[in-house]
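**Q** sequence plus predicted model, see below.
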Amino acid sequence: MPENSSSVDYAMEKASGPHFSGLRFDSLLSSSPPNPSVSSPSHLPSAVSSSSSPAPKQPFVIGVSGGTASGKTTVCDMIIQKLHDQRVVLINQDSFYRGLTTEELQRVQEYNFDHPDAFDTEQLLHCAKTLKSGQPYQVPIYDFKTHQRRTDAFRQVNASDVIILEGILVFHDPRVRNLMNMKIFVDTDADVRLARRLRRDLVERGRDVDSVLEQYAKFVKPAFDDFVLPSKKYADVIIPRGGDNHVAVDLITQHIHTKLGQHDLCKIYPNVYVIQSTFQIRGMHTLIREKDISKHDFVFYSDRLIRLVVEHGLGHLPFTEKQVVTPTGAVYTGVDFCKKLCGISIIRSGESMENALRACCKGIKLGKILIHRHGDDGKQLIYEKLPQDISERHVLLLDPVLATGNSANQAIELLIQKGVPESHIIFLNLISAPEGIHCVCKRFPALKIVTSEIDQCLNQEFRVIPGLGEFGDRYFGTDE
Ligand SMILES: Nc1ncnc2c1ncn2[C@@H]1O[C@H](COP(=O)(O)OP(=O)(O)O)[C@@H](O)[C@H]1O
Ligand SMILES: Nc1ccn([C@@H]2O[C@H](COP(=O)(O)O)[C@@H](O)[C@H]2O)c(=O)n1
Ligand SMILES: [Mg+2]
């Protein structure tokens with residue numbers, strides 16, 4: 001099919017429906033800024049080089065923090081029970097308390113067990129990294145009655161699919177925090193916590209009422225205010241009332257199950273990126289997946305999600321170092337965006353992603369691919385309208401739903417025929433079926449996929465489940 005033919009224009013406009021963007025290819029083709037050298041300075045991490053090295057197969061790490069006696073251990077036990085079909089290990093930060101010296105032991109009432117220095121964080125980090133790399137670790141056993149670690153025994157912890165790191169200060173050290181795929185904060189009122197702590201410490205930790213209250217006022221409460229509470233901001237999820245909150249624990253377990261499914265695919269295909277899930281994102285997905293949502297809301301929340309996927313996708317482009325002088329006269333060493341890029345939408349639903357791309361990349365060139373089934377014999381016609389210099393560009397391929405992967409593969413094949421290196425293609429979508437990911441990633445292992453959620457499967461009609469129906473019809477209002 002020759003480029004720029006009027007029949008192609010006609011077919012493209014017809015197929016792209018009522019919201020055809022009216023994009024003027026000719027003017028855009030001549031409005032691109034000159035190409036900078038696409039390279040990554042050796043002292044800067046390159047988006048291309050860092051993300052193209054395969055990620056090691058790693059377990060999913062969940063951090064659980066909160067004040068003393070907030071119910072962290074109780075919540076972890078509940079989550080572990082509900083994740084019974086996974087291999088899960090629980091690592092308590094308590095196990096990494098430093099043993100006290102003889103002098104410290106003599107004046108134990110003056111020792112602050114709630115300060116970050118009370119823990120051997122280097123060892124906790126080593127433990128977490130070892131387990132994350134799939135190796136077993138011998139975790140120390142701590143005795144709250146003697147304030148010492150046992151010297152005669154360890155707890156052997158083996159490789160697992162899920163690692164839960166639990167403790168009052170597990171979000172404090174950024175190195176530990178950054179190992180976590182999900183962070184949960186258990187938020188329980190201080191008076192409830194004190195009452196529980198009192199009972200627990202008397203029964204389980206060999207304390208008396210006076211010592212518990214004195215320690216609480218002198219160390220536990222101030223350290224909570226200084227270190228624990230400030231780390232709450234890192235949490236992805238906050239559980240009010242801890243173990244009493246069955247709804248929250250159910251929701252979180254479901255969320256972990258979803259993430260684990262996604263995580264497995266990301267382990268198999270290191271070039272698949274699922275944007276960091278938050279409850280905002282989950283909330284937007286909940287809205288756009290609901291069959292009775294208004295068209296206005298569907299478009300509004302789809303646009304919000306698309307914008308996030310586009311921003312994430314742009315983060316995978318290469319960059320060059322750039323220095324600028326600030327109004328203070330100081331030099332700021334930053335980076336310059338990759339300018340040789342373009343967006344290609346798979347008609348018609350892919351066009352719903354063009355606005356977000358335009359909003360992020362001023363004057364970006366856009367092209368279109370239409371894959372049209374011709375008759376019943378499975379034959380397909382492909383129409384395209386692509387920038388002439390596409391082979392020199394990084395391509396953001398746009399399609400909100402990746403289902404079987406067949407049309408995506410055709411579109412990618414076409415781009416490669418046009419001279420675009422496979423590694424220069426980033427395929428952006430809102431939801432992906434595992435079948436589609438397998439299909440595309442097996443054939444094009446160097447291409448990147450950025451998506452906001454991976455769904456369960458395809459049904460017998462090759463529709464994504466749970467999915468969101470016909471995205472293009474819902475977005476452009478042609479389902480009414
Ligand atoms: N929802 C709850 N209702 C009553 N007691 C609870 C509840 N959750 C936890 N506890 C009790 O409170 C104490 C502290 O709970 P725990 O889960 O060990 O907290 P943390 O690990 O945050 O210190 C324990 O004795 C536990 O049995
Ligand atoms: N020898 C020790 C060590 C720690 N503590 C207290 O334990 C609390 C942390 O455990 P949680 O299960 O409550 O999270 C912490 O607040 C320390 O004060 C202790 O009393 N004695
Ligand atoms: Mg605990």
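**A** Here it is on my side, so go on. Ligands and ions are numbered 1, 2, ... in the order given.
**Q** now stretch 307-325: mean pLDDT?
**A** Here the mean pLDDT over stretch 307-325 is 92, rounded to a whole number.
**Q** how far does that stretch sit from the chain's center?
**A** Using C-alpha atoms, centre = their mean, to the nearest Å, we find the averaged C-alpha position of stretch 307-325 to lie 17 Å away from the chain's own average C-alpha position.
**Q** buried ones in that stretch?
**A** Burial within stretch 307-325, assessed by neighbour count using 16 or more other C-beta atoms under 10 Å, is assigned to 307, 308, 309, 310, 312, 313, 314, 316, 317, 318, 319, 320. C-betas here are computed from N, CA, C, even on glycine.
**Q** just these: which are in strands?
**A** Of the positions in these, residue 320 sit in strands, assigned by DSSP state E.
**Q** tell me which of the buried residues of stretch 307-325 is nearest to ligand 1?
**A** The shortest approach to ligand 1 among the buried residues of stretch 307-325 belongs to residue 308, at 33.0 Å (C-beta to the nearest ligand atom).
**Q** I'd like to know how far the nearest residue to that closest one once chain neighbours are set aside sits from residue 432.
**A** Once flanking residues are discounted, residue 308 sits nearest to residue 275: 5.8 Å by C-beta to C-beta, 6 or more residues apart in numbering. For residue 275, the distance to residue 432 equals 12 Å [C-beta to C-beta, to the nearest Å].
**Q** which other helices and strands contact the helix or strand containing residue 452?
**A** Per DSSP states H and E: residue 452 is located in strand 448-454. Helices and strands touching strand 448-454, by 3 or more C-beta pairs under 8 Å, 6 or more residues apart in numbering; DSSP states H and E, are helix 246-268, strand 272-274, helix 279-289, helix 295-314, strand 425-432, helix 434-443.
**Q** reformat the buried residues of stretch 307-325 into CSV and put distance to residue 90 next to each item.
**A** Formatted as CSV, those follow (distance: C-beta to C-beta, whole Å):
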residue, distance to residue 90
307, 37
308, 32
309, 34
310, 38
312, 31
313, 36
314, 38
316, 34
317, 40
318, 41
319, 40
320, 45
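**Q** what about stretch 373-385, average pLDDT?
**A** Averaging pLDDT along stretch 373-385 gives 74.
**Q** how far does it stretch from one end to the other?
**A** Using C-alpha to C-alpha, to the nearest Å, the span of stretch 373-385 from its first residue to its last is 18 Å.
**Q** flag every residue of the stretch 101-250 of the chain that's near ligand 2.
**A** The interface of the stretch 101-250 of the chain toward ligand 2, taken as C-beta under 6 Å from any ligand atom, is made up of 113, 114, 144, 147, 168, 220.
**Q** wait, doesn't the third one sit right on residue 204?
**A** What that stands for is residue 144. Yes - using C-beta atoms under 8 Å as the test, residue 144 is close enough to residue 204 to be in contact (7.4 Å).
**Q** those two: who's more crowded?
**A** A side-by-side neighbour count of residue 144 and residue 204, using other C-beta atoms under 10 Å, places residue 144 first with 15 against 10.
**Q** how about the more buried one, phi and psi?
**A** In terms of degrees, to the nearest 10, the main-chain angles of residue 144 are phi -70, psi -20.
**Q** same thing with the one 3 residues further on?
**A** Dihedral pair for residue 147: phi 60, psi 30, per degrees, to the nearest 10.
**Q** so what's the residue count around it?
**A** Neighbourhood size, residue 147 [other C-beta under 10 Å]: 17.
**Q** equivalent analysis for residue 331, please.
**A** A total of 10 residues lie near residue 331 under the criterion other C-beta under 10 Å.
**Q** helix or strand for the closest residue to it other than its chain neighbours, which one?
**A** The shortest distance from residue 331 to any residue other than its chain neighbours is 5.4 Å, reached at residue 323 (C-beta to C-beta, 6+ apart). Take DSSP H and E as the rule and residue 323 turns out to sit in strand 320-325.
**Q** in the sheet, which strands lie alongside that strand, parallel or antiparallel?
**A** With DSSP bridges as the test, strand 320-325 is paired with strand 331-336 (antiparallel).
**Q** how far off centre is the partner strand?
**A** Between the centre of strand 331-336 and the centre of its chain there are 27 Å (C-alpha atoms, centre = their mean).
**Q** tell me the buried residues in it?
**A** By neighbour count with 16+ other C-beta under 10 Å, strand 331-336 contains the buried residues residue 335.
**Q** restrict it to CA atoms and write it as CSV.
**A** Output for strand 331-336, consisting of C-alpha atoms alone and laid out as CSV, is shown next (Å, rounded to 0.1, in the frame of the first residue of the first chain):
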residue,chain,number,x,y,z
VAL,A,331,24.8,25.1,37.1
TYR,A,332,22.2,22.4,37.2
THR,A,333,23.3,19.1,35.5
GLY,A,334,20.3,17.4,34.1
VAL,A,335,19.2,15.5,31.1
ASP,A,336,17.7,16.4,27.7
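**Q** kindly provide the whole-number mean pLDDT of the helix or strand just after it.
**A** Scanning forward in sequence from strand 331-336, with DSSP H and E defining helices and strands, the next element found is strand 341-346. Per-region confidence: strand 341-346 scores 96 on mean pLDDT.
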